[in-house]
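Visitor: coordinates for the following, if possible.
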Amino acid sequence: MASRAIVPQHENNGEVKQLYARADGRNRRVLQDIGNFVDERAAAKGKKPIPEGVVAVAQAVKGAQRKVVDKPKPEDVIVISSGERTEKSKHVSKRQGSSRKQVKTLTQILSARSKAVCGLINRLNVSIEDIDGEDAGNELAVTEYVDDIYEFYKLTEDEGLVRDYMDLQPDINAKMRSILVDWLIEVHRKFELTPETLYLTMNIVDRFLSMKFVQRKELQLVGISAMLIACKYEEIWAPEVNDFVFISDNAYAREQVLVMEKAILDKLEWYLTVPTPYMFLVRFIKASIPSDDKTEDLAFYLAELGLMQYPTAVKYCPSMLAAAAVYAARCTLGKSPLWSETMKHHTGYSENQLMNCAKHLVKFHSTAAESKLKASYSKFSSLDRNVVALLAPAKSLLPVAIHHGE
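Guide: Presented below is the predicted three-dimensional model:
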């Protein structure tokens, strides 16, 4: 940015305007000409004449600088030593160029990195299929924002994640929790509720149990109160309080359900908008190409089995549980490939990252028929669920002992 000429304060206004006009004109000096050199015209107007020797030296210096500008020559780099304060000259050849040419600006660096990233993305996009292309005209699919929505889910799922809390509950254990989940699955099916309601119910139950000591006799009360809250949040026509009292065989009064509902909401600070495995299951199943109804039902079945088991529910985040359920379903049905670049792109997980969780789900699948808790097994053994519960589990993901029937 050009600087204005510095004008002494004692000069008259006419001279000041004239100097400013010359400084702001088109014939500005280049940066290297700016110095303490005196212009002949400025000297002529001054009261004190400049000695001819000083003017001659100034003109000679300016002429030498113009020659450097007109025709670049090898320049000398002055190296100043901080300790000895000596100057050393080092000749720079034309092949090496100036030291300033070897330094890249921040803009150049960022531009180069941006081009490299764009090239990498373009190469990856070759193998990533567009799973939202068919829904481009569907306003409910919100294809313009769906990627941003799921990116937000991934960033916020830790806020609703439940940590290991069973050691802090002296009167209940993991087995009691599994019994409660099995019963809630039956209630959910009896009322014909949406899948979102079941997953939100379990999130509310686990988060409340991680914050509040609950007696064994009140565990079922926590379950029906949590489902009542989830129904009000997800359902269009939510069941009434008396319906939950009736289905629990009048074990609790209506007032007890309302008191527990208020206690849960106060403890959770009314924070109910959390990403659950269901939200990720819908997206990941869509990315499972080729996909069909059997793959979808089997993925939901495996996810419910994982939801019922306490270690799996608290160890794995919702997105990983959903991705592992889809991966285990593809392994069970023998889909090829088992895990594609499209799946990796939309889930954010590689095949190796999902292996441990998928093995747990397949293990639950292999033992579900002999388990006393058969709510999910009966639910997904029906024809409307493509009897996926009766499918043989994926042998490649089974432990060796179970695989050989030991």
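Visitor: pLDDT weak spots in the stretch 251-400 of the chain?
Guide: The model of the stretch 251-400 of the chain has pLDDT under 70 over residues 400.
Visitor: which stretches of it form helices?
Guide: Assigned by DSSP state H, counting those that start in this stretch, the stretch 251-400 of the chain shows helices spanning 254-267, 277-287, 293-308, 310-315, 318-333, 341-347, 351-367, 375-379, 400-403.
Visitor: who does the fourth one touch, helix- and strand-wise?
Guide: Just to be clear, that refers to helix 310-315. Judged by 3 or more C-beta pairs under 8 Å, 6 or more residues apart in numbering; DSSP states H and E, helix 310-315 is in contact with helix 174-190, helix 195-209, helix 293-308, helix 351-367. The way it works is simple: take the backbone N, C-alpha and C, and place the C-beta from them, glycine included.
Visitor: for the closest residue to Ala389 other than its chain neighbours, list the residues it contacts.
Guide: Spatial nearest neighbour of Ala389, excluding adjacent residues (C-beta to C-beta, 6 or more residues apart in numbering): Phe380 at 4.0 Å. Residues counted as contacts of Phe380 (C-beta atoms under 8 Å, 6 or more residues apart in numbering) are 297-298, 300-301, 304, 387-389.
Visitor: ok, now how distant is Val326 from Cys357?
Guide: 11 Å (C-beta to C-beta, to the nearest Å).
Visitor: who has more neighbours, these two?
Guide: Neighbour count, other C-beta atoms under 10 Å: between Val326 and Cys357, Val326 has more, with 31 against 23.
Visitor: that one contacts Leu281, correct?
Guide: Yes: shown here, Val326 and Leu281 form a contact pair, counting by C-beta atoms under 8 Å, at 7.2 Å.
Visitor: where do the contact lists of those two overlap?
Guide: In contact with both Val326 and Leu281: Ala299, using C-beta under 8 Å, 6+ apart.
Visitor: low-confidence regions, the stretch 1-150 of the chain specifically.
Guide: For the stretch 1-150 of the chain, the stretches flagged by pLDDT under 70 are 1-126.
Visitor: again, 90 this time
Guide: Within the stretch 1-150 of the chain, the stretches with pLDDT under 90 are 1-147, 149-150.
Visitor: so what pLDDT did the nearest residue to Lys379 once chain neighbours are set aside get?
Guide: Nearest non-adjacent residue to Lys379, counting by C-beta to C-beta, 6+ apart: Arg189, 5.9 Å away. Among the per-residue scores, Arg189 holds a pLDDT of 94.
Visitor: and Arg189, how many neighbours?
Guide: 15.
Visitor: right, and it touches Asp384 too?
Guide: No: between Arg189 and Asp384 there is no contact under C-beta under 8 Å: 11.3 Å.
Visitor: need the helices and strands packed on helix 310-315 in JSON lines (columns: distance to Ala238).
Guide: Below are the helices and strands packed on helix 310-315 laid out as JSON lines (distance: least, C-beta to C-beta, whole Å):
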{"stretch": "helix 174-190", "distance to Ala238": "13"}
{"stretch": "helix 195-209", "distance to Ala238": "9"}
{"stretch": "helix 293-308", "distance to Ala238": "21"}
{"stretch": "helix 351-367", "distance to Ala238": "30"}
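Visitor: out of these, which is closest to Gln220?
Guide: Closest approach to Gln220 among these (C-beta to C-beta): helix 174-190, 6.6 Å.
Visitor: gap between Asp292 and Phe300?
Guide: 13 Å.
Visitor: more neighbours, the two?
Guide: Between Asp292 and Phe300, counted using other C-beta under 10 Å, the more crowded position is Phe300 (25 against 13).
Visitor: ok, now which ones touch Ala322?
Guide: By C-beta under 8 Å, 6+ apart, Ala322 lies in contact with 277-281, 284, 299, 303, 347.
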